[in-house]
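Enquirer: Next come a sequence and a model predicted from it.
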Number of protein chains: 2
Amino acid sequence: MSQLRSTLEFLLYDWLHAESLTARTRYADHSRETFDAVLDTCERIAREKYAPFNRTVDTQEPTFDGEKVIQPACTGEARKAYADSGMLSAAQPYEQGGMQLPYMVEAAANSFFACASISIGSNLLTVGNANLLRVHGTPMQQQVFADNEFNGRWAGTMALSEPQAGSSLSDIATRAEPDGADFEADPLGARYRLKGNKMWISSGDHELTENIVHLVLAKIPGPDGKLIPGVKGISLFIVPKKLVDTAGNLTGERNDVALAGLNHKLGWRGTTNTLLNFGEGKYPVRGGAGAIGYLVGKPHEGLKCMFHMMNEARIGIGMAATMLGLAGYYASLDYAKNRPQGRPMSEGGKDASSPQVAIIEHADVKRMLLAQKAYCEGALALNMYCAKLVDEGRTGNTEEAARAKLLLEVLTPIAKSWPSENCLEANSLAIQIHGGYGYTRDFPVEQYWRDNRLNMIHEGTHGIQAADLLGRKVVMQGGAGLQLLAATIQASIDKAAAVPALAAYAQDLGKALHAVQAATQAAWATSNPQEALANAVPYMQAFGHTVLAWVWLEQALTVQAQDAALSVAANAGRMGALAYFYHYELPKTAAWLRVVSARDMTCAHMPLDAF
Amino acid sequence: MSQLRSTLEFLLYDWLHAESLTARTRYADHSRETFDAVLDTCERIAREKYAPFNRTVDTQEPTFDGEKVIQPACTGEARKAYADSGMLSAAQPYEQGGMQLPYMVEAAANSFFACASISIGSNLLTVGNANLLRVHGTPMQQQVFADNEFNGRWAGTMALSEPQAGSSLSDIATRAEPDGADFEADPLGARYRLKGNKMWISSGDHELTENIVHLVLAKIPGPDGKLIPGVKGISLFIVPKKLVDTAGNLTGERNDVALAGLNHKLGWRGTTNTLLNFGEGKYPVRGGAGAIGYLVGKPHEGLKCMFHMMNEARIGIGMAATMLGLAGYYASLDYAKNRPQGRPMSEGGKDASSPQVAIIEHADVKRMLLAQKAYCEGALALNMYCAKLVDEGRTGNTEEAARAKLLLEVLTPIAKSWPSENCLEANSLAIQIHGGYGYTRDFPVEQYWRDNRLNMIHEGTHGIQAADLLGRKVVMQGGAGLQLLAATIQASIDKAAAVPALAAYAQDLGKALHAVQAATQAAWATSNPQEALANAVPYMQAFGHTVLAWVWLEQALTVQAQDAALSVAANAGRMGALAYFYHYELPKTAAWLRVVSARDMTCAHMPLDAF
């Protein structure tokens, strides 16, 4: 973890100038010392309560005895240590018991838990859930539900998908009907009765907290009793597992939310993933039918509210993928340094009588390590940059905030998708470096690879991120987001062009950026979304590689500006990763953009019976 | 499996003219009817005895009670059905109880088992072991050991790796010392006593057969008692688990080969993978120390003998990877046709009130299906082509045979590595198409992905294949192998250039071939293996993609020559896969070759402390 710490410090302080945030009113009481103290605490808890149990939660998968979910004790202990640290409310204002910490520092601190054990989890859904209520909930909803999530008493979920509607939220069929004539008079919010099934709900049931606050998407029927088709009909509800009063006390009534089953996953087994039945009658409550839920925001505006939480979740997923990638990198680096095997290639061939060397001496092992470093440290840098945009959006002046929010909108699909794909590949390389040992459960890398495979699926699949990027983000507001990103990248190119060690990279990035812009135009040249989006994923891959190349160039600018005596080895590593990325990775963008620019319909026009 | 069958028939009969082999003396009694009968039988056994138990062998991993390995009953039943089918000796001559079947047909028939359950296994190691003895064993060794492997009584292994020497065979430390003064007089072969540990031995112990025949690499000490460094000191031994007499009867003596442990793997769990102790004293035998082994071939020539088996094994691994890929393709195709979700993109946007469509209607799902099809059917075609080369090498005239053997030498690293990498990616796409369901153990695709991850590791890692290709295969005999492959590819290009529907592809392939040749020269321009091999893996990736593009063009030539009314949908599928491969995949070669041609030393020169 010490390598992660120094990488984070470079990104936070040297590159992104986290300390400059202390000039803002909200963060005025902070300093590098207080930031570091948070990092220290999280690093320690992650080392003591998370890392030792990562394999335990994989092998002791949660089970359900019909009433309760059973998990190993370490899960609860890790959860308690996390909640006790105050990290759940790290970003909340002092008057609400928070630390008023910048998001950058919160995200950096949380990365230690993700690196130590992603599947034990650092409760990001609970924080995201409570944050959503801070924005869209009534004062009472905030006090009762959000406050008790931030203080660690209760956990939170987001319940969107249904068995018949995974990615297609417009097709959800969970119904919410007003609960009695006085339904609007409930102090906790307009009260409804919900009936339906929700699938893929992470942390949907467990015994880790006193209560669970589900945020549920459902449809309120129209006057004809029918559900409104499409996303317009969707509303958002708080559905607690156990009912509570306005003081936040449990009333002793179990709400009609029943665990229908646990999903048995390929990985990420420390976190329950559930099928939940709402209002199916297992726990009848208050003499009516249906689970009791309280409307959040206005009727039919549920998806808009939920997107607030989803964007945060997407950046969180990118971070999760990144940390799994880094965990594999550190493990394989350690293995490569300590495993003797073979002899280095030399001009005169190999001398079999010489002793074996550590495998890190072999060029191909170095290639696999450097690829992991370039992918994962690059992804971490991107995630930290996005975190800084969150802070700018919250505390910058009007113009800065608007700029940061727009940039973040464009970058979110990349921050989610790029690490999910490339840090998974990094995990595969970590296995490869271990050879046969990497294929056994005696080493941690196979689990990282399994855990990481989820990230291209949840919180919007790869395909959905790509459609969001090419179909919405780069064309919205007349392309303002893409223009802003391009201008931001161009500014880095201009700076780097003046630095001799970076000029060639600057030129390569300029070409790649131009190619992405040209491909965007070519994709939409016929204004036909069928043609434009036929190759949205290759577009996203090329776009992502270009963004990552930029992020590496940005880091290199910081390296070049530093005293040459500073962090010699670490900075040599950064320059090596930069070179790797530009020599080995960036050239791939040409192949991806080719089909985008040509609006290649080979796949889209494939007859169904020809597969 | 019916889709696999028709794909195999296209490759075997329409493209590779398997029937023409019946003109050769060895195969004169065969006909398409006899070939088809073998395919029928294997397809049926695979469907009945393998496919239903693929998940069983994954969840009921082998265990060791200290004396015996315990596996689910289905493993033994599948093994018995396979042996009873006669497939173990399919290629053997009639007089030795075989079917005298061409290797092409044997490989095609075995593919059904691999597709149904790779990890139950179709005993390729046993066949490879016995085939090695056919070539290098004495008549008595063949009669006692090989014959009893071919007839199904005993199983075989290859025992090369050791815990301290996985890929580096020159460092094996297993010792073999002459067993008494009369050691050379044993009718089973010169008798030695072996001591050492062997790691990663597949099927190294089990109760599936009466006996297990280990082929073991070990070193005979020199006069000074020391082991000769390097591969030159390696000899090959038959070490049976239980001792036998010259009539092939068990003598009742257990040899000193002890199971030290089972490896707990990420996948491929139906096959035991073992750490074996030879001669450590658990089963003292005949009053001496060490496991009894019989020399095969001459002393110090063991590795050469073993390579005979390894080459066959490498093609077998390519086939295994391919069939896992195809199994995932078929599963995800079936899912995509039957899972309703979302609505197609149309020029006017989406109509939320229309019913959901099957996800195969979505362009990105089609892309993921077509990629799988192009990877896996392409890999199958390459494997079948290599199988044909085996037949040519065995039964062609002198010139044909020499040509086939040389071509096979060059193609073997591709036949092993390309499917291992790309059909693994296909399995990942199969998961992606299933969405969250693909991440659960309720669907088969996650297991295919786990099982397939092994193929880049065993029988020579990806890095070793790449070093073999660029360091040996394309430069041996003054580059004769590469020239032969290039001429073979050029002949296809010339043919395709004359077919209007294929001319553009022919041109693209010509450019790619030229780029590979130029990169080969550039890599070796300084005659420095450190520089040449620094980017051997990217070279192999580009080389492989070029070979696969050629294999697709070859198939397309067959399609174009067929009656247009024939197999309309299947041939449209082949043309779609061809277009996919040339538009989406072949352009990637430029990025890979760039670093090869530049002899890029970014990775090789990375300081160790900079990672």
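Expert: Yes, it's here.

Enquirer: ok, then the element right after the lowest-mean-pLDDT helix or strand in chain A?
Expert: The weakest-scoring helix or strand in chain A, judged by mean pLDDT, DSSP states H and E, is helix A:302-338 (a mean of 92). Toward the C-terminal end, the helix or strand that comes next after helix A:302-338 (DSSP states H and E) is helix A:363-395.

Enquirer: Show me what that next one is packed against.
Expert: Applying 3 or more C-beta pairs under 8 Å, 6 or more residues apart in numbering or on different chains; DSSP states H and E, one finds that helix A:363-395 makes contact with helix A:2-9, helix A:103-116, helix A:302-338, helix A:398-434, helix A:536-561, helix A:568-580, helix B:462-468, helix B:536-561. C-beta: built from backbone N, CA, C; applies to glycine.

Enquirer: between those helices, which gets nearest to A:Ala604?
Expert: Checking those against A:Ala604 by C-beta to C-beta gives helix A:536-561 as the closest, at 10.9 Å.

Enquirer: And A:Thr246, which helix or strand is it part of?
Expert: Under DSSP H and E, no helix or strand contains A:Thr246.

Enquirer: State the phi and psi torsions of it.
Expert: Backbone torsions of A:Thr246, given as degrees, to the nearest 10, read phi -70, psi -10.

Enquirer: any idea how far it is from A:Ala291?
Expert: Distance of A:Thr246 to A:Ala291, computed by C-beta to C-beta, to the nearest Å: 19 Å.

Enquirer: So those two - more neighbours on which side?
Expert: A:Ala291 (33 against 11; other C-beta atoms under 10 Å in any protein chain shown).

Enquirer: give the contact list for the more buried one.
Expert: Residues near A:Ala291 by C-beta atoms under 8 Å, 6 or more residues apart in numbering or on different chains: A:Arg193, A:Leu194, A:Lys195, A:Val239, A:Asn255, A:Asp256, A:Val257, A:Phe278, A:Gly279, A:Val285.

Enquirer: Which parts of chain A belong to which domain?
Expert: Following automatic domain parsing, one gets these domains for chain A: A:1-122, A:154-299, A:301-343+A:356-460, A:461-611.

Enquirer: Quickly compare the ones you listed and say which is most buried.
Expert: Ranked by mean neighbour count, the domains of chain A are led by domain A:301-343+A:356-460 with a mean of 23 (mean count of other C-beta atoms under 10 Å in any protein chain shown).

Enquirer: centre of the chain versus that domain, how much separation?
Expert: Remark: domain A:301-343+A:356-460 is offset 10 Å from the chain centroid, using C-alpha atoms, centre = their mean, to the nearest Å.

Enquirer: now stretch A:144-155
Expert: With C-alpha atoms, centre = their mean, you get 22 Å for stretch A:144-155.

Enquirer: Which residues of the stretch 201-350 of chain A lie near chain B?
Expert: A:229-232, A:263-267, A:333, A:337, A:340-343, A:345-347, A:349 (C-beta under 8 Å from any C-beta of the partner chain).

Enquirer: For the residue nearest in space to the middle of chain A, which non-adjacent residue is spatially closest?
Expert: In chain A, the centroid-proximal residue (C-alpha atoms, centre = their mean) is A:Ile317; its distance is 1.7 Å. Closest residue to A:Ile317 apart from its sequence neighbours, by C-beta to C-beta, 6 or more residues apart in numbering or on different chains: A:Glu459 at 4.9 Å.

Enquirer: Spit out the contact partners of the one you found.
Expert: So A:Glu459 contacts A:Met310, A:Ala313, A:Arg314, A:Gly316, A:Ile317, A:Lys416 (C-beta under 8 Å, 6+ apart).

Enquirer: how about a cut-off of 7 Å?
Expert: The neighbours of A:Glu459, taking C-beta atoms under 7 Å, 6 or more residues apart in numbering or on different chains as the test, are A:Met310, A:Ala313, A:Arg314, A:Ile317, A:Lys416.

Enquirer: If you count contacts, what does the host helix or strand of A:Asp147 end up packed against?
Expert: Counting by DSSP H and E, the element that carries A:Asp147 is helix A:147-150. Contact partners of helix A:147-150 among helices and strands, from 3 or more C-beta pairs under 7 Å, 6 or more residues apart in numbering or on different chains; DSSP states H and E: helix A:124-136, strand A:154-159.

Enquirer: And those: which comes nearest A:Asp58?
Expert: Short answer: helix A:124-136, nearest of the helices and strands packed on helix A:147-150 by C-beta to C-beta, at 19.6 Å.

Enquirer: what's the closest one in contact with?
Expert: A:88, A:141-142, A:145-146, A:149-150, A:155-158, A:202-203, A:213, A:215, A:296-297, A:305, A:308-309, A:312-313, A:316.

Enquirer: Just give me the longest strand of chain A.
Expert: strand A:191-202 (DSSP state E).

Enquirer: which secondary structure elements does that one contact?
Expert: Checking 3+ C-beta pairs under 7 Å, 6+ apart, strand A:191-202 ends up next to strand A:154-159, strand A:175-178, strand A:211-219, strand A:234-240, strand A:273-278, strand A:291-296.

Enquirer: Next, the angle from it to strand A:211-219.
Expert: Between strand A:191-202 and strand A:211-219, the angle comes out at 110 degrees (axes from the mean of the first three to the mean of the last three C-alpha atoms, to 10 degrees).

Enquirer: Strand partners (parallel or antiparallel) of strand A:191-202?
Expert: Within its sheet, strand A:191-202 is paired with strand A:175-178 (antiparallel), strand A:273-278 (antiparallel), strand A:291-296 (antiparallel), according to DSSP bridges.

Enquirer: hmm, who's touching that strand?
Expert: Counting by C-beta under 7 Å, 6+ apart, A:125, A:157, A:159, A:161-163, A:173-179, A:183, A:216, A:218, A:237, A:239, A:260, A:271, A:273-279, A:288-295, B:436 sit against strand A:191-202.

Enquirer: how does it look with 6 Å?
Expert: Residues from elsewhere that reach strand A:191-202 (C-beta atoms under 6 Å, 6 or more residues apart in numbering or on different chains): A:157, A:159, A:161-163, A:173-179, A:183, A:218, A:271, A:273-279, A:288, A:290-291, A:293-294, B:436.

Enquirer: and of the contacts of A:Glu459, the nearest to A:Leu485?
Expert: The closest of those to A:Leu485 turns out to be A:Lys416 (C-beta to C-beta; 15.8 Å).

Enquirer: and the closest one, how far is that from A:Glu61?
Expert: From A:Lys416 to A:Glu61 the distance is 26 Å (C-beta to C-beta).

Enquirer: Need the outlier residue of chain A, farthest from its centre.
Expert: A:Ser353 (50.0 Å).

Enquirer: What helix or strand is the spatially closest residue to it that is not a sequence neighbour located in?
Expert: Computed as C-beta to C-beta, 6+ apart, the closest residue to A:Ser353 that is not its neighbour in sequence is B:Pro229, at 4.2 Å. For B:Pro229, there is no host helix or strand (DSSP H and E).

Enquirer: swap in A:Ala487?
Expert: helix A:476-497.

Enquirer: What is the helix or strand just after that helix packed up against?
Expert: Downstream of helix A:476-497, the first helix or strand assigned by DSSP H and E is helix A:503-523. Helix A:503-523 is packed against helix A:476-497, helix A:536-561, helix A:588-597, with contacts defined by 3 or more C-beta pairs under 6 Å, 6 or more residues apart in numbering or on different chains; DSSP states H and E.

Enquirer: With respect to chain B, which of those helices lies nearest?
Expert: Nearest of those to chain B, taken as C-beta to the nearest C-beta: helix A:588-597 at 3.8 Å.

Enquirer: How about the contacts made by A:Val69?
Expert: With the criterion set at C-beta under 6 Å, 6+ apart, A:Val69 makes contact with A:Pro62, A:Asp205, A:His206, A:Thr272.

Enquirer: tell me the two of those residues that are most distant?
Expert: A:Pro62 and A:Asp205 (9.0 Å).

Enquirer: So which bits of the stretch 401-550 of chain A are right by chain B?
Expert: A:435-436, A:439-441, A:446, A:454, A:457, A:463, A:528-530, A:533-534, A:537 (C-beta under 6 Å from any C-beta of the partner chain).

Enquirer: Noted, bye for now.
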